[in-house]
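> Pasted the sequence and its predicted model underneath.
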Amino acid sequence: MLFTVVHNGRWRTPWARYLMEMLHTAGCLGWTEQGVMEGTTAGTIVLPACWFPPEEQNALSDFVAGGGTLIASRPPLTMAQVFGLKPTGRILREQYLRLSAHALVPDELQGLTLQCPSAMDLYDPAGGEVLAWWCDPLEGLERYPAIVAHAHGRGWAVAFTFDLADCLVRLHQGLISQASDQREGDPCGMGWAKPNDLFVSLLDARLRLVPQADVHQRLFVHLLETAAAQRALPLLRLWHLPGGVPALATFTGDSDGMKREHLEEVLSIIERQGGRYTLYLMEEHRDLMTPSDADALRRAGHGLGHHTWVGFSPTIADMREGARRQFDGFKERYGFQPLSHRGHCCIWVGWVEQGRILSENGVRLDSNHYPYVHSQYGFLSGSGQGFRFVDEGGDPLDLWEQPTLMSDDCMLQDKTFLPPFTLDQAIERSREMIDALTDRWHGVYHPCFHPVYMRTDWQYVYTAPWIEAVAAYCRERGVPMWSAEAWAAFVWGRRAVRLVHQEQQGGTLRCTLHARQAVPQLALLLPDQFRGASVDGVPTPPQKRILEGRERLVVAWDMPADVPVSLVLSKEEKP
């Protein structure tokens, strides 16, 4: 066992335990949970933000002093000495941090400024090496450490002086106080409820092109990998994209006002570039799609989801009843439960109630997080990788959000209160985003292209050249274009893969993985010391990829359901 998550269940915030969900999302294998006083054989402890009594704090300090590694999220103030810190007694909220030019910070992340919408403890440095400082985003002033590493006894300790899990949830899901059932007034001034409302006054528009939550998570996982490099067993990590690719694309669109020939033109454009498309079909447009049409669409690898519409400002009860009726009608007509979804006008009730309603109706991937007023395009919810929803009490939902990153209606019209782009400008912004996702952020390029914009007899821009250019650029950059359904199946299948055995003898590492459902193109990042691999006894040459700023070796295979798979990693190219 490489590392263990140690806690006592006395969470400082309801979302502190989301740290474990973050580890699943990052694909980290071979870790367990346990209590502080149970003892551990692991070399590294991950510490969520809990209230720890003195005897547990002493046990953690002894663990580090004896040679262990401790990576802590908002640790107790009384443990400051372990982390090379001195408490000031002050707490701040909703600040910015800047990542330092330090060896423990990946080169491509150094100098980045990120938001932290959570509470943070202020310390003075007292021997710790500062990996990030709290800063003024305009004046660049840096005084208090945000993340620090420190040698303590024979071990070392890293402190995030804020609750990282709480920070991620807030960046992902926005402000509860601005939810449709909580707020006073209208954050966007539009008279309806959208996910965009939850991020007004939270998301700094200057950082909308940085997937801030993904960067926070990436640094944490990098520190885990660094700690593992000093131990006998390396960290095994499943890459979050299929086949070890650096980026993926999923093209989706809504049926608003379309005719069947509009859809056929979109499908033809994307298919010519080897891609697939997902249509979100509104109840009133079902006569455009017969059951046999839907079957043919899905056999061709495209996706068909539901496009819910229950009005601009429904109550939670109205949305629950309307959505249930519409999803039941979809299943009755087409014979399957839609796996993915986007609502018409992206209407979103409550803070997480909309997600709960979708989950109740069998949806596993949502794309309602859609930049709108004051955002226009970018990473509205801090992520290009996507994330799992969590409720107010910290319980996860069986729903994945794959944020929509740009859309034809918001970029080509002035409905966001920002100047619209020309078609050439929109194509250029799209290419820039694909490059950033491929070369730096490693996420999912997810545009919304409405088929109705295939019309040439109205005042709006004909977007076929945009779709053609973007799909061709994805193909040029080697970015696979999957349907939302295929992507959802991969996300949930990968998340359920477990490491059931691991042992290392000399230069060979043997491990066994198990999955509850089949996962095509599952990919494992090889730890740095390994060069060769076999899967179930078959030599499987690793592929070289530039991932997270450096060359990595990746081994990929189709993971079967409920059949253990044996992997052998070797320091030689041929295991």
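Yes, it's here. Numbering: from 1, shown residues only.
> For the rest of this, base every contact and every neighbour count on C-alpha atoms.
Noted.
> domains for the protein, by residue range?
Split into domains by automatic domain parsing, the chain comes to 3-162+205-238, 245-490, 496-570.
> centre of the chain versus the shortest one, how much separation?
Put plainly, it is domain 496-570. 22 Å (Cα atoms, centre = their mean, to the nearest Å).
> ditto for the first one
Here domain 3-162+205-238 is found 19 Å from its chain centre; the criterion is Cα atoms, centre = their mean.
> Give me the mean pLDDT for that domain.
The pLDDT scores in domain 3-162+205-238 average 95.
> Which one of the domains of the chain lies nearest to Asp197?
domain 245-490 (8.4 Å; Cα to Cα).
> got the end-to-end distance for the closest one?
13 Å (Cα to Cα, to the nearest Å).
> picking that back up, out of the domains of the chain, which is closest to Gln182?
domain 245-490 (7.4 Å).
> just the strands in the stretch 151-300 of the chain please.
Secondary structure of the stretch 151-300 of the chain (DSSP state E, counting those that start in this stretch): strands at 155-160, 237-238, 248-249, 251-254, 277-282.
> Just list the residues touching the residue nearest to the spatial centre of the chain, thanks.
Central residue of the chain (Cα atoms, centre = their mean): Gly386, 3.0 Å from the mean position. By Cα atoms under 8 Å, 6 or more residues apart in numbering, Gly386 lies in contact with Trp400, Glu401, Gln402, Pro403, Gly443, Val444.
> ok, the last one touching Met433?
No - under the criterion of Cα atoms under 8 Å, Val444 makes no contact with Met433, lying 10.0 Å away.
> more crowded one of the two?
A side-by-side neighbour count of Val444 and Met433, using other Cα atoms under 10 Å, places Val444 first with 30 against 20.
> how about the strands of the stretch 151-300 of the chain in CSV, adding distance to Glu55?
Output for the strands of the stretch 151-300 of the chain, formatted as CSV (distance: least, Cα to Cα, whole Å):
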stretch, distance to Glu55
strand 155-160, 18
strand 237-238, 33
strand 248-249, 48
strand 251-254, 54
strand 277-282, 55
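> closest one to Gln517 among those strands?
Taking these one by one with Cα to Cα, strand 237-238 is closest: 15.5 Å.
> what's the closest one in contact with?
Ala26, Gly27, Cys28, Leu29, Arg494, Leu522, Ala523, Leu524, Leu525, Leu526.
> Which of the residues you listed fall in helices?
Of these, the ones assigned to helices by DSSP state H are Arg494.
> how distant is stretch 264-283 from the center of its chain?
Worked out by Cα atoms, centre = their mean, stretch 264-283 lies 25 Å from the chain centre.
> Could you do stretch 156-166 as well?
Put simply, stretch 156-166 sits 19 Å off its chain's centre (Cα atoms, centre = their mean).
> Buried residues of stretch 8-26, list them for me.
For stretch 8-26, the neighbour count (16 or more other Cα atoms under 10 Å) marks 8, 11-12, 14-26 as buried.
> typed the wrong thing, it's stretch 121-134
Neighbour-count burial for stretch 121-134 [16+ other Cα under 10 Å]: Asp121, Leu122, Tyr123, Pro125, Gly127, Gly128, Glu129, Val130, Leu131, Ala132, Trp133, Trp134.
> Ok, stretch 101-121 next?
Under the neighbour-count criterion of 16+ other Cα under 10 Å, stretch 101-121 has 101, 104-106, 109-110, 112-121 buried.
> for stretch 141-149, same thing?
Going by neighbour count (16+ other Cα under 10 Å), the buried part of stretch 141-149 is Tyr144, Pro145, Ala146, Ile147, Val148, Ala149.
> what residues are up against the first one?
In this structure, Tyr144 makes contact with Leu122, Tyr123, Asp124, Pro125, Trp133, Trp134, Cys135, judged by Cα under 8 Å, 6+ apart.
> Go through these and flag which are in strands.
Leu122, Tyr123, Asp124, Pro125, Trp133, Trp134, Cys135 (DSSP state E).
> give me every residue that touches the last one.
Translated: Cys135. Per Cα under 8 Å, 6+ apart, neighbours of Cys135: Gln95, Tyr96, Leu97, Arg98, Leu141, Glu142, Arg143, Tyr144.
> Output the residues you listed as a markdown table; include the columns secondary structure and distance to Ala249.
Shown next, in a markdown table, are the contacts of Cys135 (DSSP: H, G, I helix; E, B strand; the rest coil; distance: Cα to Cα, whole Å):
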| residue | secondary structure | distance to Ala249 |
| --- | --- | --- |
| Gln95 | strand | 32 |
| Tyr96 | strand | 30 |
| Leu97 | strand | 30 |
| Arg98 | strand | 30 |
| Leu141 | coil | 38 |
| Glu142 | strand | 38 |
| Arg143 | strand | 40 |
| Tyr144 | strand | 39 |
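> Now do the helices in the chain.
18-25, 54-65, 164-173, 212-228, 260-272, 291-299, 316-334, 353-360, 408-412, 423-436, 464-476, 484-495.
> now, of these, which is deepest in the fold?
helix 164-173 (a mean of 25; mean count of other Cα atoms under 10 Å).
> quick check, distance from it to the centre of its chain.
Once both centres are worked out by Cα atoms, centre = their mean, helix 164-173 turns out to sit 11 Å from its chain's centre.
> And stretch 426-444, by the same measure?
Relative to the chain's own centre, stretch 426-444 is displaced by 16 Å; criterion: Cα atoms, centre = their mean.
> got a list of contacts for it?
Against stretch 426-444 from outside (Cα under 8 Å, 6+ apart): 108, 211, 214-215, 241, 246-250, 383-386, 402, 411-412, 445, 466, 469-470, 473-474, 477, 479, 546-549.
> And for stretch 554-570?
243-244, 507-526, 530-537, 540-545, 575.
> still on that earlier bit, and Leu263, which of the strands of the stretch 151-300 of the chain is closest to it?
strand 277-282 (8.4 Å).
> Please report how far Tyr462 lies from Glu468.
Taking Cα to Cα, one finds Tyr462 at 12 Å from Glu468.
> give me the number of residues near Val565?
18.
> Ok, the one 4 residues further on next?
Neighbour count of Leu569, defined by other Cα under 10 Å: 25.
> Without its sequence neighbours, what residue ends up closest to it?
Ala533 (4.5 Å; Cα to Cα, 6 or more residues apart in numbering).
> hang on, isn't that neighbour packed against Pro539?
Yes - with contact defined as Cα under 8 Å, Ala533 reaches Pro539; the gap is 6.1 Å.
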